[in-house]
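[1] need a 3D model of the sequence below.
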Amino acid sequence: MRRNGTRKLNRTCTLLLCLGIWQILPAQIPAADNPDARADAAHSSPGAIRISTNLVTVPVSVTDAVGSPVANLDKEDFQIKEDGRKENILTMIQAGQSPLQLTLLLDLSESVQSDFESERMAANHFLKKVWNPGDSVSIIAVGKQPQIHLEASASLEDALRIISRLQPVESATAFFDAVAMAAGLLNRSTAPDTRQASVIFSDGEDNSSECSFAEALEALQHSNSVMYSINPGGASVRLNEISRQGQKWLASLAGETGGASFVLSRDLDLNATYHRIAVELRAQYLLSYYSSNPQTDGSFRRIMVSIPEMPELQVRARPGYYAVLAFRDPRE
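    Predicted coordinates:
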């Protein structure tokens, strides 16, 4: 559980959150084609990062009733509503046509030690299954302090080698710090027209973070990343309040990014879970639109993505984004 008392957000967490704040891909549409973007560029100030005013990119996974990916949909098949208003979809990139930038978070802490070897084997299997040329992967170890072991590498072999060398440790768990770090890592390394995903193997229990749950969630909501969580606890997650709360945190973080949360059981083993996540990532489209609301007031905008003419299909997308124009570079 999180330590008692309310602590002020310290500098470490502030940096992690700031690095995670982005939800728009400015390089997709040239500034010359967008008057709002030209105006923003003209008024940009030193030390501030300016981005296209209201171009929003939404990763969307589509599967059929049995969970198989659905490809070859057209832009006209989709409908996006923002705060209840129908938006005009500008561009669509077909499922599997854009590179994937993946962040894999592996919990090394004491609470998951007994499951670590199966976690390692499944992570290897997952990477081999989901990997395509042009993809990149980052690896973060979750312990008392999160550690980046690999950042935006295009080498599958390097990633597999690092996973094989990781060892569990008897330590506390800075879970929220690791989530915020993953959001910032993707922010630094992600290129336009690129899908982002974080896959975390953890019980969600936190007893060492500087970031709170709310701050970790905000970092994810400011990013363009889909998060999937895998809890190895099985039926034991219902045995005590600490475990139940950990799973609630995992489910909330995943749900607020358009991802999914899994609890392992006899009927759902680790390799099967990674397979389901890999299927969803292969079925992921990228939709872009200019918001009809020009205000960049920092408010949270709700998004609803559907395929009206094919209601039998399962559509998964993040439920919203923050309308943020710019943020101060923490390195300044």
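[2] and for the residue lying closest to Met310 once chain neighbours are set aside, the neighbour number?
    Residue nearest to Met310 in three dimensions, not counting chain neighbours: Asp77, with 7.0 Å by CB to CB, 6 or more residues apart in numbering. All C-beta atoms are positioned from the backbone trio N, CA, C, and that covers glycine. By other CB atoms under 10 Å, the residues close to Asp77 number 18.
[3] pLDDT score assigned to Asp77?
    As predicted, Asp77 sits at a pLDDT of 97.
[4] quick one: it and Leu90, what's the gap?
    Noted for Asp77: a distance of 15 Å to Leu90, by CB to CB, to the nearest Å.
[5] okay, helices next: where are they in the stretch 1-150 of the chain?
    11-20, 35-42, 116-130 (DSSP state H, counting those that start in this stretch).
[6] got any ranges where this structure has weak pLDDT?
    The model of the chain has pLDDT under 70 over residues 1-53, 190, 192, 266-268, 325-332.
[7] I figured Phe260 hits Leu281, correct?
    For the record, residue 260 is Ala, not Phe. No: assessed by CB atoms under 8 Å, Ala260 is found out of contact with Leu281, at 11.2 Å.
[8] who has more neighbours out of those two?
    Higher neighbour count among Ala260 and Leu281: Leu281, with 25 against 19, using other CB under 10 Å.
[9] now do the contacts for that one.
    By CB atoms under 8 Å, 6 or more residues apart in numbering, the residues touching Leu281 are 61, 100, 130, 195, 197, 226.
[10] starting at the chain centroid, how far to the helix or strand hosting Tyr321?
    Here Tyr321 sits within strand 320-322, counting by DSSP states H and E. Taking CA atoms, centre = their mean, to the nearest Å, one finds the center of strand 320-322 at 13 Å from the center of the full chain.
[11] could you list the residues in contact with it?
    So strand 320-322 is in contact with 21, 23, 56, 221-222, 298-303, going by CB under 8 Å, 6+ apart.
[12] in helices, which of those residues appear?
    In helices, defined here by DSSP state H, the members of the contacts of strand 320-322 are Gln221.
[13] farthest pair within the contacts of strand 320-322?
    Maximum pairwise distance among these (CB to CB): 18.6 Å, between Ile21 and Arg302.
[14] which one of the two has more residues nearby?
    Ile21 (21 against 11).
[15] all strands for the stretch 151-300 of the chain, in order.
    With DSSP state E, counting those that start in this stretch as the criterion, the stretch 151-300 of the chain has strands at 195-201, 226-231, 260-263, 284-290, 300-306.
[16] export these to JSON lines and tack on distance to Ala214?
    Compiled in JSON lines, the strands of the stretch 151-300 of the chain are given as follows (distance: least, CB to CB, whole Å):
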{"stretch": "strand 195-201", "distance to Ala214": "18"}
{"stretch": "strand 226-231", "distance to Ala214": "16"}
{"stretch": "strand 260-263", "distance to Ala214": "18"}
{"stretch": "strand 284-290", "distance to Ala214": "27"}
{"stretch": "strand 300-306", "distance to Ala214": "13"}
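[17] so how many other residues sit close to the closest residue to Met92 other than its chain neighbours?
    Once flanking residues are discounted, Met92 sits nearest to Lys75: 4.0 Å by CB to CB, 6+ apart. By other CB under 10 Å, the residues close to Lys75 number 14.
[18] same question for Ser114.
    Count around Ser114 with other CB under 10 Å applied: 10.
[19] same question for Ser155.
    12.
[20] separation between it and Pro133?
    11 Å.
[21] quick one, what contacts the residue nearest to Met92?
    The contact partners of Lys75, by CB under 8 Å, 6+ apart, come to 89, 91-92, 287.
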